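> kindly generate the corresponding structure for this input.
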Amino acid sequence: MSPRPPPRPSRRSRRRFSTACCLLLLALALLPSAAAKSSRRPISDNEIRQKKEACYSDIENGLWGWVCRSSPTEKENCVLRCLSPECYDLIYGGDPLEEGELDYIRGQEYKYCMHKSSLGESLDGVKGSFTY
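Numbering: from 1, shown residues only. Okay, here's the model as predicted:
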């Protein structure tokens, strides 16, 4: 007597297998994003410093255009825009820093905006949250 070959899987079982694989891949794809949302932490000063250094480097290498290298103030505006375009538009959008201007209040609002943004929180109420 010769051994029987194993039975071939039916179309139905192959379909179930492929469906199960697709569902598993989908679950694995969604898992990191769900985990990232639940384990959000605020951006640290060190992370801001590292990102700022990268932005300065990009500007010096000409990746942001000549305007960003035209003056120290323009460079600072570009760095703030590079760090967080959303926060820059909210805090400085219609009134960028001017030559020689030091704006401590808006600087604090910008930092607070980056903090809230890194946590995925709403940015409502950030502008104007510090008094003059």
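> what about residue 94, neighbour count?
5 (other C-beta atoms under 10 Å). For the C-beta atoms, the positions are set from N, CA and C on the backbone; glycine is no exception.
> to clarify, my last question referred to residue 47.
Around residue 47 there are 13 residues (other C-beta under 10 Å).
> do the one 3 residues further on as well
Each residue near residue 50 was counted by other C-beta under 10 Å, and the total is 11.
> could you look up the SS state of it?
Under the three-state scheme (DSSP: H, G, I helix; E, B strand; the rest coil), residue 50 adopts helix.
> quick one: secondary structure of the residue lying closest to residue 71 once chain neighbours are set aside?
In space, residue 71 comes closest to residue 99 once its chain neighbours are excluded; the distance is 6.6 Å by C-beta to C-beta, 6 or more residues apart in numbering. Under three-state DSSP, the three-state class of residue 99 is coil.
> pretty sure residue 99 is touching residue 70, no?
No - using C-beta atoms under 8 Å, residue 99 makes no contact with residue 70, being 10.8 Å away.
> so for the two, which sits in the more crowded spot?
residue 70 (11 against 8).
> in which helix or strand would I find residue 127?
For residue 127, there is no helix or strand it lies in under DSSP states H and E.
> mind listing what it touches?
90, 91, 109, 113 (C-beta atoms under 8 Å, 6 or more residues apart in numbering).
> could you dump the residues you listed to a markdown table with pLDDT and distance to residue 126?
A markdown table is the format used below for the contacts of residue 127 (pLDDT from 0 to 100; distance: C-beta to C-beta, whole Å):
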| residue | pLDDT | distance to residue 126 |
| --- | --- | --- |
| 90 | 96 | 6 |
| 91 | 95 | 7 |
| 109 | 95 | 6 |
| 113 | 95 | 5 |
